[in-house]
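1. Make a model of this:
(one chain, ligands or ions: 2)
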Amino acid sequence: ATGRHALRWAWRITYLSAVGLVGYTCYIVYQDRHPEPQFEPDPTKKTLVILGTGWGSVALLKKLDTENYNVVVVSPRNYFLFTPLLPSCTTGTIEHRSIMEPVRTILRHKKAAVKFYEAEASSIDPDRKVIKIVDNSEIQGATSETEIPYDMLVIGVGAENATFGIPGVREHSCFLKEIGDAQQIRKKIMDCVETAAFKGQTSDEIDRLMHMVVVGGGPTGVEFAGELQDFFEEDIKKLVPEISPRFKVTLIEALPNVLPSFSKQLIDYTENTFREEKIDIKTKTMVKRVTDTTVEAEASRPDGGKERVVIPYGLLVWATGNAVRPIVKDLITKIPAQKDSRRGLAVNEYLVVQGTRDIWAIGDCAVAGYAPTAQVASQEGNFLGRLFNNMAKTENHESRIQELSSKMNLQAGNSAEAAHEIESLEKQLRRIKDIKPFRYSHQGSLAYIGSEKAVADVSWWNGNLATGGSLTYLFWRSAYLSMCFSTRNRVLVILDWLKSKAFGRDVSRE
Ligand code: FAD
Ligand code: NAI
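-> Ligands and ions are numbered 1, 2, ... in the order given. Okay, here's the model as predicted:
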């Protein structure tokens, strides 16, 4: 009887939690669809221009009280992209729109309206305090180039793909940074498979087409290789069995091991898992040239000698990290204090671009001494949001104090009341002005490595916990789900996971 009683209670609690969760989701969805009316920005306020709609800029926008500034956002991308799940879009485990959040929706939820221009900032003039913007989209109107003046500027333009000037990379490989890249990879994988299955295809050609090569053993390359192997094991093998034994993934890395930023134990775990998954890892192999069908590399032999290897491929994905964007390079040349900056804009502890006034930089385009990750970018954006809110409050308090002081001089009768308010404002001001410099708090690193396994280096109490396997995979999934931008994204990602598990990934080539 006690057991039945406990079961009944467990059932009631589960039922109520489920109802609560559904109710809460409905409430969030309703709020999302019915935002409060917005008021127009006050033209007497300072113009704050924000470049980019990535991790850094969107975190800043989320935190910023937009009613304190005239906020203008400029980005060639009118959406925020949740990059940690981008590798899953290359195989259709997740559909690309599930990890995109329109910037118009984000901005509509701010108290004061924010202007958005879908354009690329092509140059910054720090002396005149203006930026030049260009509309490079497919459809263009009579005006596609103009200038925007700023009082304050935040640069959050991220980074571009590093190729180190290696010949053939730009022409023949796919990158994995933007939604378009993931779509291109998804198409190309299936094109390779269908071409390999073409009637009378030669044996050498089948081997080449079914060889998927990934260059760069950082987290991007590793996660993509894992996703690709899953796709073949779980779907292609069943659907195109005649060519599946010829399928092969090779990961090429210049250093002695993959995932150099993870702990030794997790590097070993990843390399062993890849071996079990039959992903070929070629470490100490530096790619030197790329042609339309081959990768040419220099490999270090165990005796220390070097040998040239030529690897035929069907699909080549290039994931060798970040390079500085042209707009950032251009700005560096205009600021004498940045003459030694090579990897981005050097910033101080308040993220102000060194050698400038009223320009801040966040995320992958800033050099603040941290790794170029989403975690760093979003914490920096969040910090600037708080900083700008405080700066606005400071200005408001200071002008109110000035107003009260001049009133006190004119009307002696109300001076006690005014003095009291001034005292309270000054107290608040001291607290507001005491802004601590930016400090990054590392929450840990996570990476998916295929076969429903993940690795995690997470901060635990005062130490570090390194773990890998299937439980870590569940942790990886729940962590990224909770980090998704919106409830809409979360629901779509869950549905995509369920859909690909139940029905398999969609192999049609759009
Ligand atoms: P981005 O997010 O790249 O945003 C830059 C923005 O600037 C974009 O909107 C872009 O369109 C815009 N822009 C570009 N040029 C201009 C211009 N000239 N004018 C105006 N706007 C411009 N990090 C993690 O911490 N965890 C992860 O799991 C993780 N997974 C990743 C997976 C992949 C496949 C990739 C590629 C990266 C991953 N990262 C991860 C790294 C993370 O995505 C980046 O560090 C992060 O995006 C940097 O944020 P950002 O705001 O600096 O730049
Ligand atoms: P990366 O810079 O981390 O790794 C690139 C790798 O390519 C390096 O290991 C380098 O040795 C190798 N390489 C460079 N040139 C080469 C050549 N010619 N031949 C062979 N190998 C070569 O780049 P990645 O993976 O794109 O990551 C960029 C940033 O984004 C990093 O800061 C990373 O931490 C972050 N990120 C984090 C993820 C996560 O936490 N799960 C996922 C993806 C990216």
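2. Quick check: residues of the chain near ligand 1?
-> Within reach of ligand 1 by C-beta under 6 Å from any ligand atom, the chain has these residues: 51-57, 74-77, 83-84, 86-87, 120-121, 156-158, 176-177, 220, 325, 327, 363-365, 372-375, 377. Quick note: C-beta positions are derived from backbone N, CA and C, even for glycine.
3. Which members of the residues you listed additionally contact ligand 2?
-> Checking the residues of the chain next to ligand 1 against ligand 2 by C-beta under 6 Å from any ligand atom, the ones in range are 84, 220, 372, 373.
4. quick revisit: cross the residues of the chain next to ligand 1 against strands and list the overlap.
-> Secondary structure defined by DSSP state E assigns 51, 74, 75, 120, 121 of those to strands.
5. Disregarding flanking residues, what is the spatial nearest neighbour of the third one?
-> Spatially, and ignoring its direct neighbours in sequence, residue 75 is nearest to residue 53 (4.1 Å; C-beta to C-beta, 6 or more residues apart in numbering).
6. neighbours of that neighbour, just the number please.
-> Residues near residue 53, counting by other C-beta atoms under 10 Å, number 28.
7. dump the residue contacts of it.
-> Neighbour list for residue 53: 73, 75, 77, 78, 79, 80, 103 [criterion: C-beta atoms under 8 Å, 6 or more residues apart in numbering].
8. how about it, phi and psi?
-> Dihedral pair for residue 53: phi -130, psi 40, per degrees, to the nearest 10.
9. residue of the stretch 301-450 of the chain with the smallest distance to ligand 1?
-> Across the stretch 301-450 of the chain, the shortest distance to ligand 1 (C-beta to the nearest ligand atom) belongs to residue 363, at 2.0 Å.
10. What separation do you get for that residue and residue 382?
-> Look at residue 363 and residue 382: by C-beta to C-beta, to the nearest Å, they are 12 Å apart.
11. From residue 374, how far off is the residue of the stretch 151-300 of the chain found nearest ligand 1?
-> Residue of the stretch 151-300 of the chain nearest ligand 1, by C-beta to the nearest ligand atom: residue 158 (2.7 Å). Distance from residue 158 to residue 374, counting by C-beta to C-beta: 10 Å.
12. Neighbour count: these two, which is higher?
-> residue 158 (27 against 17).
13. Now do the contacts for whichever residue of the chain sits closest to ligand 2.
-> Ranking the residues of the chain by distance to ligand 2 (C-beta to the nearest ligand atom) places residue 218 first, at 2.2 Å. Counting by C-beta under 8 Å, 6+ apart, residue 218 touches 258, 259, 260, 261, 319, 320, 321.
14. More neighbours: which of residue 363 and residue 382?
-> Taking neighbours as other C-beta under 10 Å, residue 363 and residue 382 compare with residue 363 leading, 30 against 18.
15. looking at it, that one is touching residue 58, isn't it?
-> No - assessed by C-beta atoms under 8 Å, residue 363 is found out of contact with residue 58, at 10.1 Å.
16. Now do the shared contacts for these two.
-> Common neighbours of residue 363 and residue 58 (C-beta under 8 Å, 6+ apart) are residue 381.
17. So what does residue 97 have for phi and psi?
-> phi -70, psi -20.
18. For it, which non-adjacent residue is spatially closest?
-> residue 492 (7.3 Å).
19. Take the ones next to ligand 2 among the residues of the chain next to ligand 1 and write them to TSV, including neighbour count and pLDDT.
-> Shown next, in TSV, are these (neighbours: other C-beta atoms under 10 Å; pLDDT from 0 to 100):
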residue	neighbour count	pLDDT
84	22	98
220	23	98
372	17	98
373	19	98
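20. Tell me which two of the residues you listed sit farthest apart.
-> The most widely separated members of those, counting by C-beta to C-beta, are 84 and 372 (13.7 Å).
21. all helices of the stretch 401-510 of the chain, in order?
-> 415-433, 470-483, 487-503 (DSSP state H, counting those that start in this stretch).
22. In JSON lines, list the ones you listed along with mean neighbour count.
-> Formatted as JSON lines, the helices of the stretch 401-510 of the chain follow (neighbours: other C-beta atoms under 10 Å):
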{"stretch": "helix 415-433", "mean neighbour count": "13"}
{"stretch": "helix 470-483", "mean neighbour count": "16"}
{"stretch": "helix 487-503", "mean neighbour count": "16"}
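23. Columns mean pLDDT on top of those, output as CSV?
-> Below are the helices of the stretch 401-510 of the chain laid out as CSV (pLDDT from 0 to 100):
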stretch, mean pLDDT
helix 415-433, 79
helix 470-483, 97
helix 487-503, 97
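24. Buried among the contacts of residue 53? Need that as a selection in PyMOL.
-> The following PyMOL line selects those of these that are buried, judged by 16 or more other C-beta atoms under 10 Å:
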select buried, resi 73+75+77+79+80+103
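25. before we move on, the earlier item: could you pull up the contacting residues of the residue lying closest to the residue of the stretch 151-300 of the chain closest to ligand 1 once chain neighbours are set aside?
-> Of all residues not flanking residue 158 in the chain, residue 364 sits nearest, at 4.6 Å (C-beta to C-beta, 6+ apart). By C-beta under 8 Å, 6+ apart, the residues touching residue 364 are 54, 56, 158, 159, 322, 344, 372, 377.
26. Return the subset of the contacts of residue 53 lying in helices.
-> Applying DSSP state H to the contacts of residue 53, the entries found in helices are residue 103.
27. Out of the contacts of residue 53, which is nearest to residue 402?
-> Distances from residue 402 to the contacts of residue 53, taken by C-beta to C-beta, are shortest for residue 73, at 32.1 Å.
28. Thought residue 103 was touching the closest one, still the case?
-> Yes - using C-beta under 8 Å, residue 73 is in contact with residue 103, at 6.9 Å.
29. Quick check: neighbours shared by these two?
-> 53, 116.
30. Switch the helices of the stretch 401-510 of the chain over to JSON lines; also include distance to residue 204.
-> Output for the helices of the stretch 401-510 of the chain, formatted as JSON lines (distance: least, C-beta to C-beta, whole Å):
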{"stretch": "helix 415-433", "distance to residue 204": "70"}
{"stretch": "helix 470-483", "distance to residue 204": "37"}
{"stretch": "helix 487-503", "distance to residue 204": "33"}
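31. Show the pLDDT at the residue nearest to residue 75.
-> pLDDT recorded at residue 53 is 98.
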